[in-house]
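K.L.:
what follows is a protein structure lacking sequence information:
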């Protein structure tokens with residue numbers, strides 16, 4: 001699958017998943033389309049306050065799978081659909097993610113360094129518009145734009 005076709009397919013799947021998620025009061029965290037040919041895997045990560053259940057995954061899988069097949073969204077038709085929770089170290093992509101997980105530990109890789117550093121770990125102190133406030137150590141705060149994040153996720157403390 002060429003990149004534009006893959007992106008168009010992914011966009012359609014994200015729209016369908018978002019509609020199904022909204023009807024089930026679930027957040028669609030991420031949608032991935034991996035592999036090629038008969039080995040393609042479509043992964044949908046869902047979440048909600050308090051965590052997701054097996055039943056939530058099953059509902060989304062059945063509903064999204066039916067719509068994808070009826071509308072023939074995946075070119076070639078052969079794919080495996082997986083629906084799961086994003087796990088304890090879930091990705092943080094939007095300002096709303098940082099707001100929701102305020103007070104929790106996060107790992108962030110920035111595109112643009114702050115204080116000559118791209119990798120940061122700390123407690124999410126808050127969000128102001130599209131600016132994240134991270135506390136790498138007690139009493140010390142750094143700020144960066146959501147758009148400047150290359151990758152971010154929660155950090156699980158063992």
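P.N.:
Great, that's in hand. Predicted model, so just to flag it, every value in this text is computed and none were measured.

K.L.:
is residue 105 in contact with residue 134, as I believe?
P.N.:
No - assessed by CB atoms under 8 Å, residue 105 is found out of contact with residue 134, at 9.8 Å. Every C-beta, even on glycine, is put in place using the N, C-alpha and C of the backbone.

K.L.:
and for the two, which residues touch both?
P.N.:
Counting by CB atoms under 8 Å, 6 or more residues apart in numbering, the contacts common to residue 105 and residue 134 are 122-124.

K.L.:
name the nearest residue to residue 137, ignoring sequence neighbours.
P.N.:
Closest residue to residue 137 apart from its sequence neighbours, by CB to CB, 6 or more residues apart in numbering: residue 122 at 7.1 Å.

K.L.:
helix, strand, or coil at the one you found?
P.N.:
The three-state assignment at residue 122 reads strand, by DSSP: H, G, I helix; E, B strand; the rest coil.

K.L.:
and what of the one 3 residues further on?
P.N.:
For residue 125, the secondary-structure state derived from three-state DSSP is strand.

K.L.:
now do it: how many residues are near it, please.
P.N.:
Neighbour count for residue 125, taken as other CB atoms under 10 Å: 17.

K.L.:
ok, now which ones touch it?
P.N.:
102, 133-135, 141.

K.L.:
cutoff 7 Å now
P.N.:
Contacts for residue 125 (CB atoms under 7 Å, 6 or more residues apart in numbering) come out as 133-135, 141.

K.L.:
may I have the beta-bridge partners of the residue lying closest to residue 131 once chain neighbours are set aside?
P.N.:
Excluding the flanking residues, the one nearest residue 131 by CB to CB, 6+ apart is residue 143, at 5.3 Å. In this entry, residue 143 is beta-bridged to residue 133, by DSSP bridges.
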